[in-house]
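Asker: Have a look at this prediction, sequence included:
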Amino acid sequence: MPTYEYKREDGSIFEIKQSINDDVLETCPETGQKVKRIISGGGGVVYKGDGWYVTDYKDGDRREKRAEAAKKASGKDSSATGTNESKSSSTGTETATTA
């Protein structure tokens, strides 16, 4: 349940946990003073540990794997067509390079 902040007539502030569906309080449950709900900064997000990096996200690994697969596929295509093979006509020896 969310925590809401209210300001009493005397200027003091208090917090109360309420359901989202509950009506806004009109009087303080402790003092009976009129209250007004105020906008608060919320709980915020707390990051613990060494930090967050681009590699921490789920899609990061998938993108890297796709890039590696594309590199491997392009390397295999060129070797399959024989573009990396060369013959030396002056010495009569044959050399082949592999990816």
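Answerer: Looks like it came in fine. Worth saying up front: this structure is predicted, and the values here are computed from it rather than measured.
Asker: Quick check, residue 26 in contact with residue 33.
Answerer: No - Residue 26 is beyond contact range of residue 33, at 10.2 Å (criterion: Cβ atoms under 8 Å). Where C-beta positions appear, they are placed from N, C-alpha and C, glycine not excepted.
Asker: Which one's more surrounded, these two?
Answerer: Between residue 26 and residue 33, counting by other Cβ atoms under 10 Å, residue 33 is the more crowded of the two (13 against 10).
Asker: Correct me if wrong: that one contacts residue 7.
Answerer: No - if you go by Cβ under 8 Å, residue 33 and residue 7 don't touch, sitting 9.8 Å apart.
Asker: Can you classify residue 16 as helix, strand or coil?
Answerer: Secondary structure for residue 16, judged by DSSP: H, G, I helix; E, B strand; the rest coil, is strand.
Asker: Please enumerate residues in contact with stretch 38-49?
Answerer: With contacts defined as Cβ atoms under 8 Å, 6 or more residues apart in numbering, stretch 38-49 is touched by 3-7, 13.
Asker: and residue 35, bridged to which residues?
Answerer: On the basis of DSSP bridges, residue 35 is bridged to residue 8.
Asker: What count of nearby residues applies to it?
Answerer: Around residue 35 there are 22 residues (other Cβ under 10 Å).
Asker: Tell me, please, the helix or strand in this structure that averages the lowest pLDDT.
Answerer: Ranked by mean pLDDT, DSSP states H and E, the weakest helix or strand in the chain is strand 85-87, scoring a mean of 48.
Asker: okay, how far is it across stretch 27-46, tip to tip?
Answerer: From its first residue to its last, stretch 27-46 covers 33 Å (Cα to Cα, to the nearest Å).
Asker: pLDDT on it, on average?
Answerer: In this model, stretch 27-46 has a mean pLDDT of 86.
Asker: Please identify the buried residues of that stretch?
Answerer: For stretch 27-46, a neighbour-count test (16 or more other Cβ atoms under 10 Å) marks 28, 35 as buried.
Asker: do the same with stretch 1-18
Answerer: By neighbour count on 16+ other Cβ under 10 Å, the buried set for stretch 1-18 is 4-8, 16, 18.
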